[in-house]
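Colleague: Return atomic coordinates for the entry below.
(one chain, ligands or ions: 2)
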Amino acid sequence: MLKPQVLDALNKQIQHEFSNSYTYLAAAAYFEDQVYPGFAAYFRKQAGEEHEHGMKIYQHVLDLNAKPTLGAIEAPKADFPTPLDALKFVHALERKTTAMIHALYDLATRENDLPTRGMLEWFVKEQVEEEKWTDEFVTTGERVGSHTGAWYMFDHHVSKKAKGE
Ligand SMILES: [Fe+2]
Ligand SMILES: [Fe+2]
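Modeller: Ligands and ions are numbered 1, 2, ... in the order given. The predicted structure is shown next:
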């Protein structure tokens, strides 16, 4: 049985994960528009993963015989001064997501909700990965700076990552 405060926090996390999906889709459109196909493909893939994150929690709520309540999703940020700003934006977003997952884990621990805590273990590990790649993207982007040719090389590298190479 899910406690109301845990259900409420899970609903907020579902909303946040779907909002992340929307943000990555907007970032993919930005990179598509800027003709960086590698980043566009990578962010589009990321949008799909965030959708799956939302669905994992949605299913967890249903599995505990409760009903998920879906909140409104705001329009995502769609434009950035530079590609590096877009990378910094998603890095900050992943850090925020990590903080939310940790707070949710703490709540599940306090409420002695072992199924929810168990489900969240996956998210704790996932956020380590999410912060790692976004941090690497920002570091590489800062190194590339205003060198246009190097941005194309970076984009090519990211296109390989999007294909899992
Ligand atoms: Fe996520
Ligand atoms: Fe993420």
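
Colleague: In three-state terms, label T69 for me.
Modeller: coil (DSSP: H, G, I helix; E, B strand; the rest coil).

Colleague: Revised request: answer the last question for E74.
Modeller: coil.

Colleague: tally of neighbours for it?
Modeller: 10 (other C-beta atoms under 10 Å). Glycine gets a C-beta too; all of them are placed from N, C-alpha and C.

Colleague: Might one say that it is in contact with N20?
Modeller: No: taking contacts as C-beta atoms under 8 Å, E74 lies outside contact range of N20: 11.9 Å.

Colleague: And Y58, how close does it get to ligand 1?
Modeller: 13 Å (C-beta to the ion, to the nearest Å).

Colleague: Look up the closest residue to that residue, ignoring the ones flanking it.
Modeller: P68 (4.9 Å; C-beta to C-beta, 6 or more residues apart in numbering).

Colleague: Helix or strand: which one has the residue of the chain found nearest ligand 1?
Modeller: Nearest residue of the chain to ligand 1, counting by C-beta to the ion: H53, 3.7 Å away. If you go by DSSP states H and E, H53 is part of helix 37-63.

Colleague: and if you look at E136?
Modeller: Using DSSP H and E, E136 falls within helix 114-144.

Colleague: Quick one: list the elements packing against that helix.
Modeller: When contacts are defined as 3 or more C-beta pairs under 8 Å, 6 or more residues apart in numbering; DSSP states H and E, helix 114-144 sits against helix 37-63, helix 83-110, helix 148-162.

Colleague: Just checking that helix against ligand 1, any contact.
Modeller: No: using C-beta under 5 Å from the ion, helix 114-144 stays clear of ligand 1, with a minimum separation of 6.6 Å.

Colleague: What residues sit buried inside that helix?
Modeller: Buried residues in helix 114-144, counted by 16 or more other C-beta atoms under 10 Å: 116-117, 119-120, 123, 126-127, 130, 133-134, 137-138, 140-141, 144.

Colleague: for stretch 60-78, same thing?
Modeller: 60-61, 64, 66, 68, 76-77.

Colleague: what about it, how long is it end to end?
Modeller: 31 Å (C-alpha to C-alpha, to the nearest Å).

Colleague: Quick check: mean pLDDT of it?
Modeller: Averaged across stretch 60-78, the pLDDT comes to 97.

Colleague: Great, nothing more from me.
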